[in-house]
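Student: below are the sequence and a predicted model for it; my questions follow.
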Amino acid sequence: MTAPVLHRVAAGGHLWVFVALMLSLSGCADPIHATAPSGEDDTTDVRLKTVDVPAAFSQNELMSDAFFVDVDWIDAPGLRAFFARVPGAGRSWLLGATLAGRDAADLIVETARAEGLNPAVLVVRMQVEASAVSPGTRPSESRLAALMGCGCADGERCDRRFAGVRNQLVCAAQTFRALYEDSLDGVGEWRRGRTTRTLDGYTVTPRSHATAAHYAYTPWVLPGQGGNWLAWRVARDYAEAMRGVRRPVAPTCATFADVGPEHPAYRSVEAGAAAGFWTGCGDDRFCPGDGLSRAAAAVVVDRVLRPRLVRPTGRFSDVHPDHWAAGAIESLAAAGLVSGCGEGRFCPDRRVTRAELAALLLRAGPYSTVSPNGLYVDVPPAHWAAGAIEALAPTGALGTCGDGRFCPDAATSRGQMAIAVARVFGLSPVDPCR
């Protein structure tokens, strides 16, 4: 039995590569998770105590959006601890392995975070696509070259742009993120709340953007065999195992349970919280790794500036006057600090990129633009935000992403936003644990 899989590759823009991969279920299905062990009922497994990945399978909800975009959900040391004891397999060959000249865990975490994804999402996909996590010995180089099945047709060489471990990881991360964004923006064929039929005849109404992204990447359910049932099953088991090796919970003296003194954004998060600039995401958490939406960014800057109140007028067709951020969006738009995303829309749920945050903070803050001189290799002087990015560089507000790069199109997280706002507006660090 074969299953064609449709992948979209988003690299350097919205480049669509439709690849009809004829994937043999016996060849690409994870042999450890492909079938439930005798006597095990998926619907009664309640071991996971969070809603990151549902304990029982539902074709409409594979995982939560919060889990999908939490770049800090697990770090490289946590992944290495996970690789030492992979569920159903034991020690993985990935523990201490070198991929594209980097430690495997470091490479996976850096790639996922650059695109605003939970590193666990890439690890799960590695297992689902190529059973590449569970083996105790290193797979063949040809198998690793098509690690994520992204831009690769079965039985053929991968497109040269996407061949190789690093390229495969980047391709998959960018594709998943782009498909997630399409659901957020309401433009994807697969999107949250829209009922669509899979290629194996199931009717699915995704309850999360993360679920929609998974079906857009692989439009199959295949219960008990592969497809997105397998993606859910591996995610559930891996998430449970990873929970035991994740970063420690913050001490009770911290305002938020997930941002303790060891977190790089701790003092900035505490400073902004004390000033009333931001609140948590529920359950005493701040969710520092979650993506920052345009609406949320507008609210934060509006609170920092404390401008006069502006009555919402509905200037943007997708921001109703009753929208939770309508007042802030209208205030900043009236002040010329924000604009729309085209066609009279604001796109309040779209993620803010590092370049966009730099531009917003420059307009709102005490700094002035500069004549760019190519400070970062990936931000040429002609880049629309180059002046803002280089003007804020001395503050360390947004830092770099390594190797002399700024990654202007990468997503901004809530934690990164806290650091940037604190440095641009000169908030005094706060440490309630001292």
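Tutor: Yep, it's here.

Student: show me where the stretch 251-400 of the chain has its helices.
Tutor: Assigned by DSSP state H, counting those that start in this stretch, the stretch 251-400 of the chain shows helices spanning 266-275, 294-305, 326-334, 354-364, 386-392.

Student: including mean pLDDT, mean neighbour count and distance to P119, could the ones you listed go into TSV?
Tutor: For the C-beta atoms, the positions are set from N, CA and C on the backbone; glycine is no exception. Converted to TSV, those look like this (pLDDT from 0 to 100; neighbours: other CB atoms under 10 Å; distance: least, CB to CB, whole Å):
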stretch	mean pLDDT	mean neighbour count	distance to P119
helix 266-275	93	22	21
helix 294-305	93	22	23
helix 326-334	90	22	32
helix 354-364	95	23	19
helix 386-392	96	23	26
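
Student: for those helices, which one sits closest to Q225?
Tutor: helix 294-305 (39.7 Å; CB to CB).

Student: what's that closest one in contact with?
Tutor: 272, 276-278, 319, 323-325, 327-329, 331-332, 335, 337-338, 341, 346-352, 356-357, 360-361, 364, 412, 414, 417, 421, 425 (CB atoms under 8 Å, 6 or more residues apart in numbering).

Student: got the angle for it vs helix 354-364?
Tutor: Angle, helix 294-305 to helix 354-364, by axes from the mean of the first three to the mean of the last three CA atoms, to 10 degrees: 30 degrees.

Student: now R138: which helix or strand?
Tutor: Per DSSP states H and E: R138 is located in neither a helix nor a strand.

Student: correct me if wrong: it contacts G96.
Tutor: No - using CB atoms under 8 Å, R138 makes no contact with G96, being 10.9 Å away.

Student: next up, the contacts around S339.
Tutor: S339 touches A333, counting by CB under 8 Å, 6+ apart.

Student: how far away is it from P87?
Tutor: Going from S339 to P87 by CB to CB, to the nearest Å gives 48 Å.

Student: list the buried residues in the lengthiest helix in the chain.
Tutor: Using DSSP state H, we find that the single longest helix of the chain is helix 165-185. By 16 or more other CB atoms under 10 Å, the buried positions in helix 165-185 come out as 165, 167-185.

Student: below-threshold pLDDT in the stretch 201-350 of the chain: ranges please.
Tutor: Across the stretch 201-350 of the chain, the ranges flagged by pLDDT under 70 are 246-252, 307-312.

Student: please repeat the previous calculation with a cut-off of 80.
Tutor: 244-252, 262, 282-283, 306-314 (pLDDT under 80).

Student: quick one, strands of it?
Tutor: For the stretch 201-350 of the chain, the strands defined by DSSP state E, counting those that start in this stretch cover 203-204.

Student: how far away is the residue sitting nearest the centre point of the chain from Y202?
Tutor: In the chain, the C-alpha nearest the mean C-alpha coordinate belongs to L117, at 2.3 Å (CA atoms, centre = their mean). Here the criterion is CB to CB. By it, L117 lies 25 Å from Y202.

Student: same deal with L292?
Tutor: With distances taken as CB to CB, L292 is found 34 Å from Y202.

Student: show me which of the two is the more surrounded one.
Tutor: L292 (23 against 19; other CB atoms under 10 Å).
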